[in-house]
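*Asks:* Got a predicted model here, sequence first, then my questions.
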Amino acid sequence: MYNRRKFIKISAAGASLAALSNSAVAKAISSTTDAGFPIVISTWDFGIIANKGAWKVLSTGGRALDAIEAGARIPEEQDISSHTVGRTGLPDRDGHVTLDSCIMDENGNCGSVAAMENIAHPISVARLVMEKTPHVMLVGEGATQFAVEQGMKKEKLLTPESEKLWKEWLKTAKYAPVMNIENGKKPGDKYNHDTIGMLAIDAKGNISGGCTTSGMAFKLHGRVGDSPIIGAGLYVDNEVGGATSTGVGEEVIRNVGSFLVVELMRQGYSPEDACKEAVRRIIKKKPETAKQIQVGFLAINKKGEYGAYAIQSGFSFAVCNAQQQDLLIKGKSFY
Ligand code: ASP
């Protein structure tokens, strides 16, 4: 029921996973030393459709920031299977769909919205916060109000299917949010969290990134994860590279994960090694918790080399550049 794969095949973006050659998937490498840009990389299987949107911008000489916004809007709009992003996200414990997102450009500008309701494209609102306000972050009703003032449509996001799943959850959950909620899968894995985290380098070599999610399903009302927090769910430094995360946001926030990955790359770590070290620190601080949860990092350096690492197996990311438009790669993991 929560399996995104079967739905992504029917994506209107024409980026069907069914079209992926087995060999592309089977490569299963998790890092590269092939430098080059433009390039865009994104978390999870739905990174494929997001990358397609970004590539339209990058391949025609566009700016990385525009590519990130265009790409992230696709799963926000279309991935009707995921229940983890945009208009089809699962609600919180009280039935509210609350969305988190952030964006960061090559100049260190950033914008973010958290716990925002009734607006389907948080990535665009985050960009508007960055470009049209003196602030970095707007939350809750204020974020919705700002989005409407900027001309965005206010709409009900709770779909009948999401409402049904929430009501089913209420029957057994005793109204208590827990990390491990769905189908016995690990919290933070692709069945119960999932963020689209994206990093792009444009033809000029400039880096931008973005993150968008509905966060943890059936969370406490008001809960905010790592995804809209600059430095946790996303960080870009145009001198070094960028990083983004997915999984249980609480553990990423505690470790300021994406900032850490970028700083490790600054010290000379490869993108994969930097992600691995960030994951290792999460495990080291809470080894027992770590066995039960998923956290994954994805990173790119200034040369266009990329890599990823996760606590658990099952993490995937998508790569798109001039050589390959729909490559899906299995991230390496500790467990
Ligand atoms: N990191 C997101 C959060 O904790 C969700 C996810 O990527 O699974 O809200």
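*Replies:* Perfect, thanks for sending it.
*Asks:* So K171 belongs to a helix, correct?
*Replies:* Yes - counting by DSSP: H, G, I helix; E, B strand; the rest coil, K171 is part of a helix.
*Asks:* Number of residues surrounding it?
*Replies:* For K171, the count of nearby residues is 7 (other CB atoms under 10 Å). Backbone N, C-alpha and C define where each C-beta goes, glycine included.
*Asks:* Need the pLDDT of it.
*Replies:* Per-residue confidence (pLDDT) for K171: 85.
*Asks:* That one and E161, how far apart?
*Replies:* 16 Å (CB to CB, to the nearest Å).
*Asks:* Kindly report the same for S270.
*Replies:* From S270 across to E161, the span is 41 Å (CB to CB).
*Asks:* higher neighbour count, the two?
*Replies:* Per other CB under 10 Å, whichever of S270 and E161 has more neighbours is S270, with 18 against 14.
*Asks:* Do I have it right that that one meets A308?
*Replies:* No - counting by CB atoms under 8 Å, S270 sits too far from A308 to count as a contact (11.2 Å).
*Asks:* give the contact list for E288.
*Replies:* With contact set as CB atoms under 8 Å, 6 or more residues apart in numbering, E288 has no partners.
*Asks:* before we move on, what SS does it have?
*Replies:* E288 ends up helix, using three-state DSSP.
*Asks:* Look at it and report its pLDDT.
*Replies:* Looking at E288, the pLDDT reads 90.
*Asks:* before we move on, what about the one 3 residues further on?
*Replies:* The predicted local confidence for K291 comes out at a pLDDT of 88.
*Asks:* That one sits in which helix or strand?
*Replies:* helix 287-292 (DSSP states H and E).
*Asks:* With A54 instead?
*Replies:* Residue-wise, A54 maps onto helix 47-58 under DSSP H and E.
*Asks:* Next: K164.
*Replies:* helix 160-173.
*Asks:* Quickly run through the sheet partners of the helix or strand immediately after that helix in the chain, with directions.
*Replies:* Where DSSP H and E defines the elements, the next helix or strand beyond helix 160-173 is strand 196-201. If you go by DSSP bridges, strand 196-201 pairs up with strand 39-43 (antiparallel), strand 207-213 (antiparallel).
*Asks:* So what angle separates the directions of strand 196-201 and helix 47-58?
*Replies:* 30 degrees (axes from the mean of the first three to the mean of the last three CA atoms, to 10 degrees).
*Asks:* Could you confirm whether any residue of strand 196-201 contacts the ligand?
*Replies:* No - using CB under 6 Å from any ligand atom, strand 196-201 never reaches the ligand; the gap is at least 7.5 Å.
*Asks:* Buried ones in that strand, by neighbour count?
*Replies:* Buried residues in strand 196-201, counted by 16 or more other CB atoms under 10 Å: I196, G197, M198, L199, A200, I201.
*Asks:* Understood, closing this out.
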